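K.L.:
What shape does this take:
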Amino acid sequence: MGALLSPRPAFQVTPRAGGWQVGMRGFWPRVSLNSMKVVLLGATGMIGSRIATEASARGHQVLAVSRSGQSPVPGVTATAADASDTAKVTELVAGADVVVSACVPPRDGTDPRGPFLALNTALVEAARAAGVRRLVVVGGAGSLEVAPGQAVADQPGFPEAVLPEALAHRDVLDFYRTVDDLDWTYISPAADIAPGARTGVFRLGGDRLLTDDHGNSRISAEDYAIAVVDELETPAHPRARMSVAY
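P.N.:
Just a heads-up that it's a prediction; the model follows:
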């Protein structure tokens, strides 16, 4: 699929020939056997729009869901919905192969922890109701560990301005770790993620914060999107957290 990982054999990913059932209801037209039906929530954000771009470029059928209903990529089907509306999300994800959440905690100055946990709880309920087993979640970096049991967000000097959002993401990871009836994957980016180049070269990890030789932890949103779509195509981290960094 044109995506390469860091040249470490343990991390090498190969595409799979995914299948799908014809005649599914909802937004899905008939597509090739290699195409997956992906519902992407939070599709117009920095990360969500790049996941939409990557998945669409690989030939997957993407339904981009956001509050605005705008399409992040020309030709990608889009619709407006509130991700916390269980009934509406259930309707939208029916027949999908996988649901991807690129939603972020509220950034209006209020405590985001309760609302963000409620949104993800609603998303899990919607997936269950629709019979969709696979759920991939764009996570945060604050819960990654710099040493066993020592999270980034708990370190002295962690920026107060982003601490509530980091804790909201950590609450959601703790919640997903209690979900044992769905094949979820929580994907943490590096500490610094921003628009950049699509290089196709990066490392995958688990709960530990990945840093380079200079102690920097970073990833472009474009390369993060590659890792997300790789995981969609070749699930390697069921019911687990993975991380992505240079």
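K.L.:
in the protein, which ranges drop under the pLDDT threshold?
P.N.:
Using pLDDT under 70 as the threshold, the predicted model of the chain has low-confidence ranges 1-33.
K.L.:
please redo it, this time with the cut-off set to 50
P.N.:
The chain contains residues with pLDDT under 50 at 1-26, 29-32.
K.L.:
OK, contacts around the residue positioned nearest the centre of the chain?
P.N.:
Per C-alpha atoms, centre = their mean, the C-alpha nearest to the average position across the chain is that of residue 138, at 3.0 Å. When the contact criterion is C-beta atoms under 8 Å, 6 or more residues apart in numbering, the partners of residue 138 are 42, 47, 48, 51, 100, 101, 102, 103, 187, 189, 228. Placement of C-beta: from N, CA and C, glycine included.
K.L.:
measure it to residue 131 for me?
P.N.:
Summarising the geometry, the distance separating residue 138 from residue 131, computed by C-beta to C-beta, to the nearest Å, is 23 Å.
K.L.:
beta partners of the residue nearest to the centre of the chain?
P.N.:
residue 187 (DSSP bridges).
K.L.:
same check, this time on residue 203
P.N.:
residue 245.
K.L.:
from memory it sits against residue 211, does it?
P.N.:
No. At 10.0 Å, residue 203 does not count as touching residue 211 under the criterion of C-beta atoms under 8 Å.
K.L.:
anything in contact with each of these two?
P.N.:
By the contact definition C-beta under 8 Å, 6+ apart, residue 203 and residue 211 are jointly contacted by residue 245.
K.L.:
the more surrounded of those two?
P.N.:
Each of residue 203 and residue 211 has its neighbours counted (other C-beta atoms under 10 Å); residue 203 has more, 18 against 15.
K.L.:
Could I get the full set of helices for the protein?
P.N.:
Shown for the chain, the helices assigned by DSSP state H span residues 46-57, 86-93, 113-130, 163-176, 221-233.
K.L.:
Distance check, the residue nearest to the centre of the chain against residue 187.
P.N.:
Spatial separation of residue 138 from residue 187 under the definition C-beta to C-beta is 6 Å.
K.L.:
neighbours of residue 54, just the number please.
P.N.:
For residue 54, the count of nearby residues is 26 (other C-beta under 10 Å).
K.L.:
show me the contacts for it.
P.N.:
Residue 54 makes contacts with 222, 225, 226, 228, 229, as judged by C-beta under 8 Å, 6+ apart.
K.L.:
Of the helices of the chain, give the one that comes closest to residue 38.
P.N.:
Proximity to residue 38, assessed across these by C-beta to C-beta, is greatest for helix 46-57 (5.5 Å).
K.L.:
what angle sits between that closest one and helix 221-233?
P.N.:
Using axes from the mean of the first three to the mean of the last three C-alpha atoms, to 10 degrees, the interaxial angle of helix 46-57 with respect to helix 221-233 works out to 60 degrees.
K.L.:
Distance to residue 120 added to the contacts of residue 138, as TSV?
P.N.:
Compiled in TSV, these are given as follows (distance: C-beta to C-beta, whole Å):
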residue	distance to residue 120
42	12
47	16
48	15
51	17
100	13
101	7
102	12
103	8
187	14
189	17
228	17
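K.L.:
What about those residues, which one has the most neighbours?
P.N.:
Most neighbours among the contacts of residue 138, by other C-beta under 10 Å: residue 51, with 31 neighbours.
K.L.:
from what I can see that one touches residue 226, true?
P.N.:
No. No contact is recorded between residue 51 and residue 226 when judged using C-beta under 8 Å, the distance being 9.4 Å.
K.L.:
tell me, what's touching residue 138 and residue 187 both at once?
P.N.:
The contact sets of residue 138 and residue 187 overlap at residue 228 (C-beta under 8 Å, 6+ apart).
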